[in-house]
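**Q** Provided below for reference: sequence and predicted model.
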Amino acid sequence: MGTDAPTALWKKLAWYVGLSALALIVLFPIYMTLVRALSTPASYFSAGQPWHPVDVQWDVFTTAFSRGDLGSKMLTSAIVTLIVVTAQLATSILAAYAFTFLEFPCRRLLFALFMATLMLPIEVTLIPNVEMMRDLGWFNSYVGLSAPFLATAFGTFLLRQGFLGIPHDLRDAATLDGFGHLAFLRRVAIPVTRPVVASFAVVSFLAAWNQYTWPRAITTQGKWETVQIGLHSLASATVDKGNLALAAALIAALPVLALLIFLQRHLIRGLTAGAVKG
Amino acid sequence: MTAKKMRESLWAAALLLPSLVIFTAFFFYPLYRLVDLGLHQQNRFGTSSRYVGLDQFRDVLTGSEFLDGLSITFRFVLFTVPIGLVLGVLLAVAANRQLRGIKIFHTVFASTVASSVAVTSVIFLMLINPQVGYLGDVSFFSLADPDTALRGVALSSIWANLGLTFIIVLAALQSIPDEIHEAAVLDGYGPARKLFKITLPLISPSLLFLTVVLVIFGFQAFGQIDILTGGGPAGSTETLVYKIFNSQQPIAQGRGAVMAIGLFGVTFLVSLAQLALLERRVHYGN
Amino acid sequence: MSEIVFEGVTKRFGDVTAVDDLDLRIEHEEFMVLLGPSGCGKTTALRMVAGLDSITSGTLRIGDRVVNDVEAKHRNVSMVFQSYALYPHLTVFKNIESPLIPRDMSVEGEEHPRRLRKDERAERVRAVAETLGLGELLGRKPAALSGGQRQRVALARAIVSRPAAFLMDEPLSNLDAKLRSQTRIELSELHTRLATTFVFVTHDQVEAMTMADRLAIIDQGRLQQVGTPREVYDRPRNLFVARFIGSPPMNTIPATVRVDEGEPWADTGAGRLRLPHLDAALTDGAPVVIGVRPEDLHRDAGPVQTTVRAIEWLGPERHVLCDVAGTMVTIREPAEKRDPQPGELLAVGCEPANVHVFDAQSEERIT
């Protein structure tokens, strides 16, 4: 479609109008969220639920922040996300390196076994995993929140694809230069596949930050809730104060929104390589 | 040479060990544990368990609890996947052209990818909640009515998945070489014919991939139900995962485990069937 | 001393034998070219020297050391790859420096090799870059270089560690024709200046003939002939070598030996050609293949009847393609001669001394 003949002005205009209409539909829920978050609930309803904010309260965000204890929940989310992303990068890079550059017995079987874990989402193994956390006393802890996600077959797969793209000659040249496995990994393999590593890190971040089912299952104390679970608590506790929950939702989405805007290229590459979403 | 092979194997073992430990502890052992739980029945306090063999599997898998959950899950998938796919393709086809500022539209259409299931659910709770919701009068999606609540949940999921669908379809569209479109135009294909005869068949591998992904998302849906309906009203939105989630107490664990194995089996079969069915009608380029 | 000696070296990949019982001695400071069609095993032979491929059986020596089980980095050889294999994320400087980092290097005036200090490495990199005219480019990344510059960086990286042998795998094949002929000359000069053993793999016989001290011709994993370019051209040991070396290649025509009053002749089916006197006795009626270089054929009332099929005019010379009893042969002649026409009948001949005779069965040269 890229090289359509010179498009007539009116045709272009028609496309802009059509695309804008679609954009408005897609953005409508977010717009209404803003309207409702900023409005004072009582005034909004007595005004008959209009399309614009009523009796604007700018401090709703700070109120939501303090009432929902969002600070500590964002911190919990951030720490868990940091642990998970870092660990997934490490374990996936190491495993992908082995599957790409090393010869060893049962290689194909082991790779199949890795990929089989993609068929076992946490929803399926929830009951025994939660039971295990209870037995280990890992409820309400960073280790409990992150442990099942410290390794991922998706990352192994994605990074292996990246490593497979490294020319054989480059590997051979490095061997002749005298690089061992770790030196090759650090000095050549990772820098050369940096875009793939970045894409994986971004997708991993997205999945970890947006995680819902697992933290919901193994947190029983408010102070260990991640921000996503905090939203659930706010939504169910404040039906009459919907504006607070909505403001909190906007705050919770901010880090990922920043990701979308600033690292869109990596995010898209990672998602198109194999979709993962929390 | 054997010494070299030995060394490589040791390296491999060391590099794979961290992942293997995690996978064993949190994937493979729990799978075994699921089967084990399924073969036993526990008392209310989890203090004693009795071997019941396959009886529990038979009872649960043919029982109304599992079958209801399965049927609700299937309906949820049916509501979300086809509509989600069509909308995603629509957005991607519309936005796949060279216009000044098209990148802004790309970002907007992709934006819902950033919205987590919790964020999405809170937003749609406001939009369609019958007491305080903006579209509360649109009874087609009402969360208060057992007949329509699942549609409301599906609506939020369709919106949430739109970004991902758009991103993947757009990437597929952009990978089609310009020459193919030019050849189609020279061959006298109009826009609609070109879309259905050329473009869609060419991106069918991506559509197949998306279908599988969206179906699996549907099977795993939990957060939106937890926040929007809590399984209600009258259990009308209790999907399998929702039932599994609520089978944590000792007395329910055995049943929950069997349902989880059932969910795993159904997901597995559906993925296989889908691949087998669609594979024959899919054009794989390159 | 850094001669490289293959003794009965075989390399198998599964069921495929890539190199079959290779015996070859590459002399100290020699420029040896391994020449053959693609897939013939020449690159595998080179990679075994480098230590990148293991040796299935036989012995490989570098100097007086058997290196079968020596790791690549301890063999003191370096290699230029066909793709150059530059690290895309590193600058030219760091690319050239990389072989100096993880290895011990010998230093003038010191007894034992050791790791170089950063400033010593920089000094060596600068010196090598200077000799190859890369001084201005040290800060650039490979993507910002032309093909010829990349090739030089690859050379510099190979030279900087002062290896005992210098291995090159088709290093010129990614250059355009003009740059390639210029680089051939530079490589020959570099060989003279470095006084190091060069092993150069190529499928291009022009590269082989112009640069090699000696060349080793390999086909299907087997060594066909080793010799100076002149020896190989003048006395090909078998039909493969005869047809592989020379452009256009040697004409080979199936024929039957006729011994007439003690004089050997070859009956081509379109006329008889006089054969040279050979040590081996030729028996009447023996099937042979005779070979004549295109430039050795002439069309001045010779004994063999041919029909002209096509003419290729190349400026100073002309190739006349004609049909000898169903076999295509090429005559290479100066362009000032009278133009033949397609369909024209020609009487072709050549001097007996210029006729090469090969056994039709074994395809070996009969001497």
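**A** Looks like it arrived, so ask away. Numbers count the residues shown, from 1 in each chain, chains lettered A, B, ... in the order given.
**Q** quick one, helices of the stretch 151-300 of chain C?
**A** C:177-194, C:205-211, C:229-234, C:239-244 (DSSP state H, counting those that start in this stretch).
**Q** Figure out which of the ones you listed is closest to chain A.
**A** helix C:177-194 (17.4 Å; C-beta to the nearest C-beta). Every C-beta, even on glycine, is put in place using the N, C-alpha and C of the backbone.
**Q** Residue A:64 is in contact with residue A:70, isn't it?
**A** Yes. Contact criterion C-beta atoms under 8 Å: residue A:64 and residue A:70 qualify, at 6.6 Å.
**Q** shared neighbours, the two?
**A** Residues touching both residue A:64 and residue A:70 (C-beta atoms under 8 Å, 6 or more residues apart in numbering or on different chains) are A:248, A:251.
**Q** Point out where the stretch 101-250 of chain C drops to low pLDDT.
**A** Along the stretch 101-250 of chain C, segments meeting pLDDT under 70 are nowhere present.
**Q** got the residues of it near chain A?
**A** C:101-103, C:157 (C-beta under 8 Å from any C-beta of the partner chain).
**Q** buried ones in stretch C:250-270?
**A** C:250-258, C:264-266, C:268, C:270 (16 or more other C-beta atoms under 10 Å in any protein chain shown).
**Q** Could you list the residues in contact with it?
**A** Against stretch C:250-270 from outside (C-beta under 8 Å, 6+ apart): C:236, C:239, C:242-243, C:272-278, C:282-294, C:297, C:304-306, C:324-327, C:329-330, C:355-358, C:360.
**Q** send the alpha carbons of that stretch over as CSV?
**A** What follows is stretch C:250-270, C-alpha atoms only, in CSV (Å, rounded to 0.1, in the frame of the first residue of the first chain):
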residue,chain,number,x,y,z
MET,C,250,41.4,-27.2,-21.8
ASN,C,251,39.6,-29.0,-24.7
THR,C,252,39.1,-32.7,-23.9
ILE,C,253,38.1,-35.0,-26.7
PRO,C,254,37.5,-38.8,-26.4
ALA,C,255,39.6,-40.6,-28.9
THR,C,256,41.1,-44.0,-29.8
VAL,C,257,44.8,-44.7,-30.1
ARG,C,258,46.1,-45.8,-33.5
VAL,C,259,49.7,-47.0,-33.8
ASP,C,260,50.8,-46.6,-37.4
GLU,C,261,54.3,-47.7,-38.3
GLY,C,262,55.5,-47.0,-34.7
GLU,C,263,53.9,-43.6,-34.7
PRO,C,264,51.1,-42.9,-32.1
TRP,C,265,47.9,-41.2,-33.4
ALA,C,266,44.6,-40.3,-31.8
ASP,C,267,41.5,-40.9,-33.8
THR,C,268,38.9,-38.4,-32.8
GLY,C,269,36.2,-39.6,-35.2
ALA,C,270,36.6,-36.4,-37.2
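**Q** For the residue in the stretch 151-286 of chain B that chain A sits nearest to, grab the count of nearby residues.
**A** Closest contact between the stretch 151-286 of chain B and chain A, by C-beta to the nearest C-beta, is at residue B:223 (3.8 Å). For residue B:223, the count of nearby residues is 28 (other C-beta atoms under 10 Å in any protein chain shown).
**Q** can you tell me which residues contact residue C:200?
**A** C:31-34, C:168, C:171, C:187, C:207-208, C:211-212.
**Q** Which strand residues bridge it?
**A** In this entry, residue C:200 is beta-bridged to residue C:33, residue C:168, by DSSP bridges.
**Q** Distance of it relative to residue C:19?
**A** The gap separating residue C:200 from residue C:19 is 17 Å, by C-beta to C-beta, to the nearest Å.
**Q** re earlier: pull out the buried members of the contacts of stretch C:250-270.
**A** Counted by 16+ other C-beta under 10 Å, the contacts of stretch C:250-270 give C:236, C:239, C:242, C:272-275, C:282, C:286, C:288-294, C:297, C:304-306, C:324-325, C:327, C:329-330, C:355-358 as buried.
**Q** out of the residues of the stretch 101-250 of chain C next to chain A, which is most surrounded?
**A** residue C:157 (28 neighbours).
**Q** right, and that one touches residue C:95 too?
**A** Yes. Here residue C:157 reaches residue C:95: they are 5.7 Å apart, a contact under C-beta under 8 Å.
**Q** and residue C:152, how far is that from residue C:135?
**A** 11 Å.
**Q** Same question for residue C:344.
**A** 60 Å.
**Q** do the same with residue A:92
**A** Per C-beta to C-beta, residue A:92 is found 42 Å from residue C:135.
**Q** more crowded one of the two?
**A** A direct count of neighbours by other C-beta under 10 Å for residue A:92 and residue C:135 places residue A:92 higher, at 27 against 11.
**Q** Could you find the closest non-adjacent residue to residue C:68?
**A** residue C:55 (5.2 Å; C-beta to C-beta, 6 or more residues apart in numbering or on different chains).
**Q** That neighbour and residue A:22, how far apart?
**A** 65 Å.
**Q** same thing with residue A:115?
**A** 37 Å.
**Q** Same question for residue A:143.
**A** Taken as C-beta to C-beta, the span from residue A:143 to residue A:22 is 45 Å.
**Q** the more surrounded of these two?
**A** Per other C-beta under 10 Å, whichever of residue A:143 and residue A:22 has more neighbours is residue A:22, with 17 against 13.
**Q** tell me the contacts of the more buried one?
**A** Contacts of residue A:22 (C-beta under 8 Å, 6+ apart): B:90-91, B:94, B:105, B:109.
**Q** could you dump the residues you listed to TSV with pLDDT and neighbour count?
**A** What follows is the contacts of residue A:22, written out as TSV (pLDDT from 0 to 100; neighbours: other C-beta atoms under 10 Å in any protein chain shown):
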residue	pLDDT	neighbour count
B:90	94	14
B:91	94	27
B:94	92	17
B:105	92	21
B:109	93	25
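**Q** Please list which of those residues also come close to chain A.
**A** Contacts with chain A within the contacts of residue A:22, as defined by C-beta under 8 Å from any C-beta: B:90-91, B:94, B:105, B:109.
**Q** Please identify which two of these are farthest apart in space.
**A** Spatial extent of these (C-beta to C-beta) is set by the pair B:90 and B:105 at 12.9 Å.
**Q** buried sites along stretch B:4-17?
**A** Residues of stretch B:4-17 classed as buried: B:8-9, B:11-12, B:15-16 (neighbour count, 16+ other C-beta under 10 Å).
**Q** what's the model's confidence in that stretch, averaged?
**A** Across stretch B:4-17, pLDDT averages out at 92.
**Q** Show residues contacting it.
**A** A:94-95, A:97-98, A:102-105, A:107, A:110, A:181, C:54.
**Q** Kindly provide the distance from the residue of the stretch 51-200 of chain B found nearest chain A to residue A:189.
**A** Scanning the stretch 51-200 of chain B for proximity to chain A using C-beta to the nearest C-beta identifies residue B:116 as nearest, at 3.5 Å. Separation of residue B:116 from residue A:189 (C-beta to C-beta): 33 Å.
**Q** One more: residue C:28?
**A** 37 Å.
**Q** who has more neighbours, these two?
**A** residue A:189 (25 against 14).
**Q** just checking, the more buried one is part of a helix?
**A** Yes. Membership of residue A:189 in a helix is supported by DSSP: H, G, I helix; E, B strand; the rest coil.
**Q** residues touching it, list them.
**A** Here residue A:189 is in contact with A:97, A:101, A:163, A:166 (criterion: C-beta under 8 Å, 6+ apart).
**Q** so what pLDDT did the second one get?
**A** With respect to pLDDT, residue A:101 has a value of 93.
**Q** Surely it and residue A:181 touch.
**A** Yes. Here residue A:101 reaches residue A:181: they are 7.4 Å apart, a contact under C-beta under 8 Å.
**Q** how many other residues sit next to whatever residue of the stretch 1-150 of chain C ends up closest to chain B?
**A** Residue nearest to chain B within the stretch 1-150 of chain C: residue C:54 (5.2 Å; C-beta to the nearest C-beta). Residues lying near residue C:54 (other C-beta under 10 Å) number 13.
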